[in-house]
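Peer 1: sequence unknown, structure follows:
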């Protein structure tokens, strides 16, 4: 199974590689911030809106959604918010993790678990589409095709 990267993720990797090769860690971080700051502002707002909407649907606070309390009742809403935010915002796992106060590996895990569960339960994709529509967005075609 191949990995599909967006143009922004490819550019992010190129900037990282250029900075790393030059040995100027501070330089590539600054270049990365300048290159992606506008996109991340808009994409970050989308991710924030997704978190707000999922919290509303599950009668949770935003703090509970992004907090570190490990209650099992919070797992599904967090997985849903992470997956919808990833699909709508196009943020990298690292950037999405920063928005959701999670490590990139945790974000990858949440995405994988949600996709596994959605493959077994079509109602999860219906719920994801409803969240996207509630914030005025529509899931990309590849996410809808997974149904």
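Peer 2: Here it is on my side, so go on. Quick caveat: nothing in here was measured; it's all calculated off a predicted structure.

Peer 1: ok, which stretches of this structure are helices?
Peer 2: Shown for the chain, the helices assigned by DSSP state H span residues 7-22, 25-57, 62-66, 75-89, 93-100, 104-120, 123-134, 141-145.

Peer 1: could you dump those helices to TSV with mean neighbour count?
Peer 2: Every residue, glycine included, has its C-beta placed from N, CA and C. TSV is the format used below for these (neighbours: other CB atoms under 10 Å):
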stretch	mean neighbour count
helix 7-22	14
helix 25-57	16
helix 62-66	15
helix 75-89	23
helix 93-100	20
helix 104-120	15
helix 123-134	17
helix 141-145	12
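
Peer 1: Confidence-wise, which of the ones you listed is weakest overall?
Peer 2: If you rank the helices of the chain by mean pLDDT, helix 141-145 sits at the bottom with a mean of 55.

Peer 1: Contacts for stretch 65-73, please.
Peer 2: By CB atoms under 8 Å, 6 or more residues apart in numbering, the residues outside stretch 65-73 that reach it are 51, 54, 55, 74, 77, 78, 81, 100, 101, 102.
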